[in-house]
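Asker: have a look; sequence and predicted model below, questions after that.
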Amino acid sequence: MTFLSDRHHALIALAVLGDVLVFVLFIVLAPVEHGMVQIEAFGRTALPFAGVWFLASPWLGAFRASTLTRWRLAAWRIPLIWLGCGIVAVMLRVWLTDRTFSWAFTIASIAFLTAMLLAWRLLLLLAVHRLAPPRKGAPRQ
């Protein structure tokens, strides 16, 4: 049985916090353009999107040590995981809110959140590599 290191626990906590902030930022920015009330946007959009992300992405590898510490893995894994989660989240949102499906909303929300999640995760990776250089003998990325 493998136990996670304290460093990995800290990285997971930071990743979760940043991911939550990405979904909050998405809601804060969206109503300005769409005229929706913040709490309504939170319930209709943030909960399904964040809910699907936090239920599925750990199982799909978004919080693995390799994803949290390797540029190349994060660069393809985070967008791919979010694409799947985003599609499910949009369908869940349509079903829960009894709203019609919109290709424009689907493409825009998935693209925006892909960019935001990837940008945040790459900033986290940059900070990790700046603050804690690789151990001696560890392969370069």
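Answerer: Yep, that arrived.

Asker: going forward, measure contacts and count neighbours with C-alpha atoms only.
Answerer: Noted.

Asker: please, where are all the helices along this structure?
Answerer: 6-34, 38-41, 47-60, 65-69, 71-97, 103-131 (DSSP state H).

Asker: show me what the first one is packed against.
Answerer: Applying 3 or more CA pairs under 8 Å, 6 or more residues apart in numbering; DSSP states H and E, one finds that helix 6-34 makes contact with helix 38-41, helix 47-60, helix 65-69, helix 103-131.

Asker: what residues sit buried inside it?
Answerer: 8, 11-12, 15, 18-20, 22-24, 26-28, 30-31 (16 or more other CA atoms under 10 Å).

Asker: lowest-confidence helix or strand of this structure?
Answerer: Sorting the helices and strands of the chain by mean pLDDT, DSSP states H and E puts helix 38-41 at the bottom, at a mean of 70.

Asker: what packs against it?
Answerer: Against helix 38-41 (3+ CA pairs under 8 Å, 6+ apart) you get helix 6-34.

Asker: if we can go back for a sec, ranking the helices of the chain by mean pLDDT, which is last?
Answerer: Mean pLDDT values for the helices of the chain show the minimum at helix 38-41, a mean of 70.

Asker: re the thing from before, want to try TSV for the helices and strands packed on helix 6-34, with mean neighbour count and distance to residue 92 as columns?
Answerer: Formatted as TSV, these follow (neighbours: other CA atoms under 10 Å; distance: least, CA to CA, whole Å):
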stretch	mean neighbour count	distance to residue 92
helix 38-41	14	14
helix 47-60	17	6
helix 65-69	19	26
helix 103-131	16	12
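
Asker: just to revisit the earlier point, so how far is the least confident helix or strand of the chain off the chain centroid?
Answerer: 20 Å (CA atoms, centre = their mean, to the nearest Å).

Asker: pull it out as CSV, backbone CA atoms only.
Answerer: C-alpha atoms of helix 38-41 as CSV (Å, rounded to 0.1, in the frame of the first residue of the first chain):
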residue,chain,number,x,y,z
GLN,A,38,-24.7,35.6,-8.8
ILE,A,39,-26.5,33.1,-6.5
GLU,A,40,-28.5,31.9,-9.5
ALA,A,41,-25.4,31.4,-11.5
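
Asker: all good on my end, thank you.
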